[in-house]
Every structure is written in structure tokens, then in C-alpha cells.
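Trainee: Everything below, folded, please.
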Amino acid sequence: MDGAAPKRHTLRVTPPQLKELRLLKIAVIHPDDADGRQLTQQLQRIGCQVQAFWPPVQVLPEGIDVAFMAVQPDFINLRFEWTQNEEAPAIIAVVTYENPTIVEAVLEIGAKAVLPSPVRSFGLLSALVVAREAHKESRSLARRLRKVEAKLLGVRQLAEAKSILMKTHSVSEGQAHDLIRDQAMSKRTTMEEIAAAIVNANEILSLGARRPGQS
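Mentor: I've put the predicted structure just below:
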């Protein structure tokens with residue numbers, strides 16, 4: 001041992017969120033001014049694929065992952081339907097100042113992050129990553145919610161279908177369950193789909209039975 005201090009090895013870890021930035025397609029919806037050009041240049045330095053748009057567009061090109069939108073008084077009353085679309089990109093609002101109207105507009109477009117103007121390089125990377133992660137989480141929660149809602153609907157329809165079979169065929173609940181299961185197996189589908197078909201057919205027959213002029 002010569003008494004020399006051991007070398008320290010620094011492990012540099014790049015989060016996957018940062019690695020994917022070069023693959024992002026970004027729309028910059030901002031006036032062609034110093035701020036807009038600064039934003040576009042900074043994003044290009046990060047390695048993103050950037051398209052600039054002004055005036056604001058009502059339809060974005062397909063495949064856009066993130067949209068930076070200047071929220072300004074002269075167009076905050078416009079309605080951008082694509083921002084409400086289920087497949088809308090993550091939105092980052094670029095704001096010059098704050099007041100209740102601007103904040104309301106930021107919420108209206110569903111922004112996942114806010115970037116203050118004048119735009120600086122500091123904070124841009126964080127806003128981009130945070131918005132992307134929040135957007136992913138939001139879409140994941142929406143998908144899970146749809147699955148839960150579909151499951152609950154299936155449970156309700158299965159119960160209703162069994163009730164219909166019990167009344168129309170004078171069978172027990174267990175026998176009604178077996179009938180639905182057997183049909184699902186023979187048709188290679190789910191019990192929920194068979195139950196939905198039974199419920200729909202019963203509704204159609206019920207409407208026919210209530211036609212005016214029929215006894």
C-alpha cells in the first residue's frame with residue numbers, strides 16, 4: 001500500500017425519459033418572434049424533431065408527441081378541438097404573464113406543464129420531461145378507467161341476461177349462468193358478449209311488443 005487515496009468512479013445514469021427525447025416530434029405553436037425562435041432552437045439542440053406553426057393550427061400533423069402552445073390574449077378564445085382528442089400530444093403552455101383568464105386558458109387546453117416567457121434554456125428540459133411523464137400517466141389512467149367501466153358494464157349485463165333467461169325459460173340462476181357459458185364456449189367468445197347480445201335482443205323484442213295497434 002502506498003497510501004494513495006482510492007480512485008472514485010462516478011456512475012453516470014441517464015434516465016430513459018431523457019434518452020427518448022431525440023425521438024420526439026414536437027410542434028411549436030408560437031409567433032415567429034425572438035421567443036419562438038429561441039424555443040425552436042433550444043429544442044433542436046436537445047435533438048428533437050421540431051415543426052413550427054403560426055398562426056395556430058386547427059389540425060396537427062400525425063405523430064406529434066409534444067406541442068408547445070403560446071397562450072396569448074389574442075387567441076385564447078379559440079377552440080382547438082385536437083387538444084381534447086384522446087390521442088392529443090402532451091401540451092406545454094408558453095405564457096408571457098399570469099392572470100385568471102390566462103390560467104383558465106392553460107387549463108382549457110389540458111396543458112401538462114407551463115413554460116414562462118421569455119423562454120430560456122433553463123427549465124425547458126424539465127418541463128419537457130415532466131409533461132411527457134404526466135401525459136403518459138394520464139393516458140394510462142384513462143385506459144385503466146375504460147377497462148374498469150367495461151368490466152362493470154359486463155357484470156351488469158351478465159346479471160341482467162341471467163334474469164332474462166330465468167324469466168323466459170323458467171330456469172334457476174345457476175342454470176341461466178350455465179346456458180350463457182355454454183353459448184360463449186360454442187361460439188368462442190366471452191360470456192359478457194353473449195350477455196350483451198341477450199340484453200340487446202330482449203330490448204328489441206320488448207320494443208316490438210309495445211308497437212301501437214298490437215294487442
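
Trainee: show me where pLDDT drops low in this structure?
Mentor: 1-15, 17, 207-215 (pLDDT under 70).

Trainee: Could you break it into its assigned domains?
Mentor: 16-122, 147-209 (automatic domain parsing).

Trainee: Tabulate those in CSV, adding columns for distance to residue 133.
Mentor: To be clear about C-beta, it is placed using only N, CA and C from the backbone, and glycine gets the same treatment. Shown next, in CSV, are these (distance: least, CB to CB, whole Å):
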stretch, distance to residue 133
domain 16-122, 6
domain 147-209, 21
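
Trainee: tell me the contacts of the residue nearest to residue 198 when sequence neighbours are not counted?
Mentor: Counting by CB to CB, 6 or more residues apart in numbering, residue 198 lies nearest to residue 161, which is 4.0 Å off, once chain neighbours are set aside. Contacts for residue 161 (CB atoms under 8 Å, 6 or more residues apart in numbering) come out as 176, 180, 194-196, 198-199.

Trainee: and if you look at residue 195?
Mentor: 154, 157-158, 160-162, 180.

Trainee: Can you show me the strands along the chain?
Mentor: 25-29, 49-53, 66-71, 90-95, 113-116 (DSSP state E).

Trainee: before we move on, back to that, between the domains of the chain, which gets nearest to residue 136?
Mentor: Nearest to residue 136, of all the domains of the chain, is domain 16-122, at 8.1 Å by CB to CB.

Trainee: ok now the closest one, how far from the chain's centre?
Mentor: Centre-to-centre, domain 16-122 and its host chain are 17 Å apart (CA atoms, centre = their mean, to the nearest Å).

Trainee: Equivalent analysis for stretch 175-193, please.
Mentor: Relative to the centre of its chain, stretch 175-193 is centred 33 Å away, using CA atoms, centre = their mean.

Trainee: Repeat that for stretch 140-151.
Mentor: 11 Å.

Trainee: Now it - C-alpha only, CSV.
Mentor: What follows is stretch 140-151, C-alpha atoms only, in CSV (Å, rounded to 0.1, in the frame of the first residue of the first chain):
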residue,chain,number,x,y,z
SER,A,140,-52.6,5.1,-18.7
LEU,A,141,-55.2,6.0,-16.1
ALA,A,142,-57.7,6.7,-18.8
ARG,A,143,-57.1,3.3,-20.3
ARG,A,144,-57.4,1.6,-16.9
LEU,A,145,-60.7,3.5,-16.2
ARG,A,146,-62.1,2.4,-19.6
LYS,A,147,-61.3,-1.2,-18.7
VAL,A,148,-62.9,-1.0,-15.3
GLU,A,149,-66.0,0.7,-16.8
ALA,A,150,-66.2,-2.1,-19.4
LYS,A,151,-65.9,-4.7,-16.7
